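Student: Any chance you could fold what I've pasted below:
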Amino acid sequence: MRHLKTVRTIAEAGSLTRAATALGLAQPALSAQLRRIERTLGGELFERGRHGVRATALGELVLERARLVLPAVSELQQEAVRFARARAGRKAQRLRLGSTHGPLLGALVDLLAAAAPDAQVTTHASWSERELAALLAEGRLDFAVAGACGNATPPDAEHLVWQEFAVDPVFVMLPEAHPLARAPEVELAELADEEWACVPGDGCFADCFTAACARAGFSPGRMYETDIASCAHLVQVGRAVGLCRATFPTTPGIATRPLAGTPLRWRHLLGWHPATQRAETAATVLAQARSAHTDAAARSESYADWLAGGGHRTTGPGLPL
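Tutor: Sure thing, here's the model as predicted:
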């Protein structure tokens, strides 16, 4: 397997120098390793030239087989790890949770710990939905709380189960001294001259936000992508206005206000791998995730006001509740 990966890396890099860098080896060491591989396989795999290397006919044969073998073995490894971890997790009553930023992970941990005090609950936080999906696929997480904007497809949806458990409007965070901080709702166009802050992600939220601004008649200014604490600080000091889920907790110096017409929505999703989780366990965690969201929504005064005023009946373009 290591030899096949080395051959594939050389072919993809196009030169021994670049391949050695990618593999973390010195070029002479990689050249010696390639010669050993070629002796094992009975002939030269690459033609060396001034501009790099090119696969020989034998090299093309080996690469063709490697493209089939490497993913198959990798999938076997992942499946074996998932199976072993699932069995070990059931024996030890272990529950490994992952989540992107936001208040729901802590609330979910609290509810699950109360419901199953003997279970060992561990957590992993990441800004990347794709990373969480990979950890689910590898059996290193049992469940993940993630999200998607609009109707976007969550990562690795062909192999994982993603169940929507709530949908929130996206609110704007304003410093308390901002002229719009006490407005019942804020038109997105009223913020055309602002700089922005939000947490990073690898979904389509940035594109959806830019499209919403375009519909409002402007292009957004500078966007600071950083952790939630830094976003809050930038808003508090008046450096930027922020984008947040409506469940964002009440924070000193910050007013969260709904955007008129709800141009952006955030779907909360619970993900798991169907081969490693029993249906009753998934149903329990899903129910607790819904409860965690309900509690978070009740603690946000601006969100509670928005819901009481019938805001949940408003829909943004192409983003149905």
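Student: what's in contact with the strand or helix carrying Val285?
Tutor: Per DSSP states H and E: Val285 is located in helix 279-299. Contacts to helix 279-299, defined as CB atoms under 8 Å, 6 or more residues apart in numbering, come from residues 95, 103-104, 107-108, 110-112, 115, 143, 145, 161, 163, 165-166, 168, 246-247, 249-250, 268, 270, 272, 303-304, 307. The C-beta positions use only the backbone N, C-alpha and C, and glycine is treated the same way.
Student: Among the residues you listed, which are located in helices?
Tutor: By the criterion of DSSP state H, membership of these in helices covers 104, 107-108, 110-112, 115, 303-304, 307.
Student: how about low-confidence regions in this structure?
Tutor: 85-93, 311-321 (pLDDT under 70).
Student: In it, spot the strand with the most residues.
Tutor: What stands out as the longest strand in the chain, according to DSSP state E, is strand 161-175.
Student: Can you tell me the strand partners of that one and which way each runs?
Tutor: strand 241-245 (antiparallel), strand 254-258 (antiparallel), strand 265-272 (antiparallel) (DSSP bridges).
Student: Correct me if wrong: Gly203 contacts Ala152.
Tutor: Yes - using CB atoms under 8 Å, Gly203 is in contact with Ala152, at 5.9 Å.
Student: more crowded one of the two?
Tutor: Gly203 (21 against 15; other CB atoms under 10 Å).
Student: pretty sure that one is in a helix, no?
Tutor: No - using DSSP: H, G, I helix; E, B strand; the rest coil, the assignment for Gly203 is coil, not a helix.
Student: Can you tell me how far it is from Glu129?
Tutor: According to CB to CB, to the nearest Å, Gly203 and Glu129 sit 6 Å apart.
Student: overlap in contacts of these two?
Tutor: Taking CB under 8 Å, 6+ apart as the criterion, Gly203 and Glu129 both touch 147-148.
Student: Give me the buried subset of the ones in helices among the contacts of helix 279-299.
Tutor: Taking 16 or more other CB atoms under 10 Å as the criterion, what is buried in the ones in helices among the contacts of helix 279-299 is 104, 107-108, 111-112, 303.
Student: Gln120: which of the residues you listed is nearest?
Tutor: Closest approach between those and Gln120, by CB to CB: Leu112, at 10.7 Å.
Student: if I pick the closest one, what's in contact with it?
Tutor: So Leu112 contacts 95, 97, 119, 121, 285, 288 (CB under 8 Å, 6+ apart).
Student: Pull up the gap between the second one and Pro117, please.
Tutor: Distance check for Leu97 against Pro117: by CB to CB, it reads 16 Å.
Student: Just want to know which of the two has more residues nearby.
Tutor: More crowded of Leu97 and Pro117, by other CB under 10 Å: Leu97, with 22 against 8.
Student: Enumerate every residue touching the more buried one.
Tutor: Contacts of Leu97 by CB under 8 Å, 6+ apart are 105, 108-109, 112, 121-124, 141-145.
Student: could you redo those as TSV and give each row distance to Ala181?
Tutor: Shown next, in TSV, are these (distance: CB to CB, whole Å):
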residue	distance to Ala181
Leu105	28
Leu108	31
Val109	32
Leu112	36
Val121	38
Thr122	39
Thr123	34
His124	35
Leu141	39
Asp142	41
Phe143	37
Ala144	35
Val145	30
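Student: Which members of these are classed as buried?
Tutor: Of the members of the contacts of Leu97, the ones counted as buried by neighbours, 16+ other CB under 10 Å, are 105, 108-109, 112, 121, 141-145.
Student: Am I right that Leu25 is in a strand?
Tutor: No - assessed with three-state DSSP, Leu25 is coil; it does not lie in a strand.
Student: what domains does the record give for the protein?
Tutor: Listed by automatic domain parsing, the domain ranges of the chain are 2-77, 93-316.
Student: Ala84 is nearest to which of those?
Tutor: Closest among the domains of the chain, once you apply CB to CB, is domain 93-316, at 7.5 Å.
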